[in-house]
Each structure stands twice: as C-alpha cells, then as structure tokens.
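J.: Got a sequence here, can you build the structure:
(2 chains)
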Amino acid sequence: MKKYAFFLGCIAPLRYPGIEKSTREVFKALGVELVDLKDANCCPAPGVIKSFSKATWLAAAARNLALAEKAGLDIVTVCNGCYGSLFDAAHELHENKEMLEEVNKILAEIGLKYSGETKVRHFAEVLYKEVGIEKIKKAVKKPAEYNVAAFYGCHFLKPSKLKQLDDSENPKILDELIEAVGAKSALRKQKAKTICCGAGGGLRSQFGETALKFTKTNLEIMKNASAEMIVDVCPFCHLQFDAGQKDSGFAIPVLHLSQLYGIAMGMDSKDLGINAHITPVKL
Amino acid sequence: MKKVVSEFTEELAANGGSSAELCFQCGTCTLKCPSARMMTSLRPANLMRASLLGLKDEAINGDALWQCTTCYTCVEWCPCNVQVVDVITALRNMAVANGDLYENHKKVAQSLIKNGHTVENNDKIKGLRKNLGLSENPETVMDNAAAKADFDKVLNLTKFTELVNE
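T.: Residues are numbered from 1 along each chain as shown, chains lettered A, B, ... in the order given. Got it, this is the predicted structure:
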C-alpha cells in the first residue's frame, strides 16, 4: 500500500474542508494511506510570501520537507500552490548543496535536519501514476455522468521542465482522470484554451477586479462548451471560481477533483462539504 | 531621465534573477502573458529589459511588477530559457526590501506570522469541519503552540517579521 505524509496547506482545511474530507475518503477507498503531516506550516504561499522573501519561503518550506523526512514519508498535497512551493523548494535544495547548508543552519535551531531527499507529489498525479486509471475505473460505484470543464491551474504542470508530468499546452492527465469516473471532459478537444484562474501571485488579494477578468475569460470558454461543472485540482483556483461567480451571471458549480471522485466512489453528498460553496452545487 | 544602476544586475542575480541576462527581447513572454492580455500594465519583456540594462527604478517601481500571477506561461514559451517568474520574484523581493509593499499583501504576511497559515480559522469553518468528522483546527502549527514557536523562530531568523512590520 502506498503511504504519504498528507500536507493540508491553508485554503483546503480552512475554507473548503470538504476537499480535505473527500481526499481522505477517496484515497482510503483506493488503498492509499495518508499520515497527517502534523505541526506543518503554510507551504509557504508562492505568491505573496515568496514575493516578500525568498529566504523565508525556502526555510519555511524546508521545515515542512524536514518534518516529512523525519516521518520517513514523501509528501502529498491537494493544492497547486502547495505543490508549486514544496516541489520547487525540494528541487532547489536537492540541486544546491550550499543553499541546503544555509537552510540547515536555521533548521538546527529548531532541532530539525533536512537531507534534501523528500519527494513532493500532487493528489491528481498520485491518482494517475500510482493508482492508475484501470484501478480507478473498478472503484467507481456511481458514475459521475456530468459534462465537466477540467481546470488544471498553473503550478500542477508548470514549469513543465521541472514537473515533467504532461504537455502544459495540451495536457491530458486531468481529462483522463475525469473520464475514468464516468464524466465527459467538455474542453478536451476545444480550440479555446483556459488561462490562469487569476488568483495567484498576490493578484487576488491586491487587484481583485483584475483577477476576476482572468476568471471570467475562463468561464466564457467553459460556458461555450456547455460545461455543467468545473473540476479543479487546487483549492485556490477553487476559491477563485467559486467566489468569483457571485453576481457575475455565471453559476457553474465548482468541485475539486477529490469531491468529484467522492461522488463517484459513493460518498454521501453531505460528506463532500459542498454546503461551504458559494456557487450552489446541485447533484 | 532613466538612471542606470550598475550594481543592480548583481543584486538581482543574488536574489535568483540572473537568467534575465539570457533575454534577447523577442517579446514572446509579453505575447503569451495572460495578464498583459487582460490589459494590465505588466509587460514581462519590459521588466526583463529593465533588468538587463540596470534600470532599477523602472524594474521595481510601479504596479506592473505586481500584476503577475506566476502562471509560468512565459517560462514555457521563452526560447532563451529565461526564468521570467524567478526574475519577477527577485525584483519583488528587492521592492519589498525597499519598503514598497501593498497593504493587502501585508495582511496576508501578517496572517502567516500570526497563524502559521495565510488564512485564519473561524467559527463557521470549525462547525463545518466538525460536521465532517474533522478536528476543529487542522493539526498543524495552528493547533500546537510548541510547533508554532518553532515556526516563529524560522520567520525571525530569516528576518520576515521585521520585513513585514517595519
């Protein structure tokens, strides 16, 4: 059985706890064991925090990586932001021994040491690569027969030279994961490509109206493809689409992939936490 | 009059932005940038040029630098392997070190200092978590004072607290 340290991050546990719950249930159903990464801190956020101080960002990320190392486990996260931060930090510390040494001087002050070997995985990537489409198909109890707009976000696949998961311009991982549980991927063969949700880099907090222009551009593409639902792999994109449709004329329900999988694996809809969503979800 | 600061490119490199020197100003980053497409003031190629030439004021002052969502589309398309997002992050670090930060970003940073997370917990979320059979607080630094004290030490040793609050 695959076993990972579950890194919660901020937005999932503290804004959409249904994502946390669904992830726990779905992985359990698929034979992936999660051990909570206790005492973890914010990844830290690649937007505001890394923009303020790369030194703080790296040391704080290293604390999380070191906690996982101490537990003898690789990290799994449900959030593109956390994935971006932790993956990038792990990569830098693996490649740059001087940087690792500097960071370890800080970690030594709190009784930790990091050797530079923790791997960082994304929920969707673990599903695709470790569980596999065939096993997922067999675990479906109630096919999720919706026309779904797959939203990859940015830091799941990019920078693709580092992540090496999929073609960032014409990706297929999420489309295949969606189709594996009985849904139809609405955007798969569309010419119009989605863009960043608009939330990242500190844009949502400081320039909210501009961020919504990104969101609306995506919503138009999804509406034109008659999408009944948006499925994301990032609680921050999730927040941007869910809150961003308020008073917009759009009302496309937003689910994290873990929640779509929850539906397909027979979870009770009240356990998906969709009552926390701003854009109503009717299943 | 634009002022050339000769130490600027060295300072940029020390902050992780050395790849700006690979830029030959083709403009592909700007062409593919969704923020530029939304008609913000961000033109990544202009920031790369200012970085190359040592035009510090042009590079780190103004809103343009903060209109980037770090989506990495520019990095995917750059024919010269310029790590555009790393350059922008380095420029932002330099702007913040100059005391140039937005109030809303400061609030996010202050939440990190206070909670160890960029957002706070509240009664509504605690209720939702409880109904889902989850602990009221996630079992992170938010729920363990000793772990939070360790995290505070990391913030202090990297001078984050003084950076944000001064």
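
J.: CA atoms for contacts and neighbours, from now on please.
T.: OK.

J.: Give me the domain ranges for the chain.
T.: Defaulting to chain A. A:2-122, A:141-276 (automatic domain parsing).

J.: Sorry, I should have been clearer: chain B.
T.: If you go by automatic domain parsing, chain B breaks into B:8-97, B:103-165.

J.: how long is the first one from one end to the other?
T.: The straight-line separation of the ends of domain B:8-97 (Cα to Cα, to the nearest Å) is 14 Å.

J.: Name the nearest residue to A:Phe207, ignoring sequence neighbours.
T.: Nearest residue to A:Phe207, sequence neighbours excluded (Cα to Cα, 6 or more residues apart in numbering or on different chains): B:Gln67, at 7.8 Å.

J.: what sits against the one you found?
T.: Applying Cα atoms under 8 Å, 6 or more residues apart in numbering or on different chains to B:Gln67 gives the contacts A:Gly201, A:Leu203, A:Phe207, B:Ser35, B:Thr40, B:Ser41, B:Leu42.

J.: Next one: it from A:Thr217, what distance?
T.: For B:Gln67, the distance to A:Thr217 - Cα to Cα - is 17 Å.

J.: Please apply the same query to B:Asn156.
T.: Where A:Thr217 is concerned, B:Asn156 sits at a distance of 41 Å (Cα to Cα).

J.: What is whichever strand or helix holds A:Leu203 packed up against?
T.: Per DSSP states H and E, A:Leu203 falls inside helix A:203-206. Under the contact criterion of 3 or more Cα pairs under 8 Å, 6 or more residues apart in numbering or on different chains; DSSP states H and E, helix A:203-206 touches helix A:208-224, helix B:103-115.

J.: switch the cut-off to 6 Å
T.: With contacts defined as 3 or more Cα pairs under 6 Å, 6 or more residues apart in numbering or on different chains; DSSP states H and E, helix A:203-206 has no helix or strand neighbours.

J.: in the host helix or strand of A:Leu86, what's buried?
T.: Using DSSP H and E, A:Leu86 sits in helix A:80-95. The neighbour-count check on helix A:80-95 (16 or more other Cα atoms under 10 Å in any protein chain shown) flags A:80-91, A:93 as buried.

J.: quick one: which of the residues you listed is nearest to B:Val96?
T.: A:Ser85 (19.5 Å; Cα to Cα).

J.: quick one: what helix or strand has the nearest residue to that closest one once chain neighbours are set aside in it?
T.: Closest residue in space to A:Ser85, ignoring its immediate chain neighbours: A:Pro46 at 5.6 Å, by Cα to Cα, 6+ apart. For A:Pro46, there is no host helix or strand (DSSP H and E).

J.: Now A:Pro46, what are its backbone angles?
T.: Main-chain dihedrals, A:Pro46, degrees, to the nearest 10: phi -70, psi -20.

J.: returning to that earlier point: so what touches the helix or strand just after the helix holding A:Leu86?
T.: Using DSSP H and E, the helix or strand that follows helix A:80-95 towards the C-terminus is helix A:97-108. For helix A:97-108, the external contacting residues (Cα atoms under 6 Å, 6 or more residues apart in numbering or on different chains) are A:Ala59, A:Leu93, A:Lys113.

J.: what do you get for stretch B:78-89?
T.: With Cα under 6 Å, 6+ apart as the criterion, stretch B:78-89 contacts A:Ser51, B:Gly17, B:Ser19, B:Ala20, B:Leu22, B:Thr70, B:Val75.

J.: Please flag which of the residues you listed sit within strands.
T.: Assignment to strands by DSSP state E places none of the contacts of stretch B:78-89 there.

J.: what about the residue nearest to the spatial centre of chain B, helix or strand, and which?
T.: Centroid-nearest residue in chain B, with Cα atoms, centre = their mean: B:Thr89, separated by 5.0 Å. In the assignment (DSSP H and E), B:Thr89 maps to helix B:84-97.

J.: Name the residues of the stretch 151-283 of chain A found near chain B, please.
T.: A:Cys154, A:Gly200, A:Gly201, A:Ser205, A:Gln206, A:Asp271 (Cα under 6 Å from any Cα of the partner chain).

J.: show me what contacts the first one?
T.: Yep, that's A:Cys154 we're talking about. B:Cys71.

J.: gap between it and B:Glu76?
T.: 11 Å.

J.: and A:Asp39, what element?
T.: With DSSP H and E as criterion, A:Asp39 is part of no helix or strand.

J.: Just to check, it is in contact with B:Met142?
T.: No - contact criterion Cα atoms under 6 Å: A:Asp39 and B:Met142 do not qualify, at 7.8 Å.

J.: what's around the closest residue to B:Val96 other than its chain neighbours, how many residues?
T.: Nearest non-adjacent residue to B:Val96, counting by Cα to Cα, 6+ apart: A:Phe52, 5.9 Å away. Close neighbours of A:Phe52, defined as other Cα atoms under 10 Å in any protein chain shown, add up to 27.

J.: Then the one 10 residues further on?
T.: Residue crowding around A:Ala62 was assessed by other Cα under 10 Å; the count is 29.

J.: For B:Asn156, give me its contacts.
T.: Contacts of B:Asn156 (Cα under 6 Å, 6+ apart): none.

J.: what's the angle from the helix or strand containing it to helix B:103-115?
T.: Secondary structure assignment for B:Asn156, by DSSP H and E: helix B:145-157. Interaxial angle of helix B:145-157 relative to helix B:103-115 (axes from the mean of the first three to the mean of the last three Cα atoms, to 10 degrees): 140 degrees.

J.: for helix B:145-157, what is the average pLDDT?
T.: Mean per-residue pLDDT for helix B:145-157: 98.

J.: Quick check: what element follows that helix along the chain?
T.: Assigned by DSSP H and E, the successor of helix B:145-157 is helix B:160-165.

J.: end to end, how far does stretch B:92-106 reach?
T.: So stretch B:92-106: terminal residues 13 Å apart, Cα to Cα.

J.: which other residues reach it?
T.: A:Ser51, A:Phe52, A:Ser53, A:Ser205, A:Gln206, B:Ile60.

J.: count of neighbours near A:Ser248?
T.: With other Cα under 10 Å as criterion, A:Ser248 counts 11.
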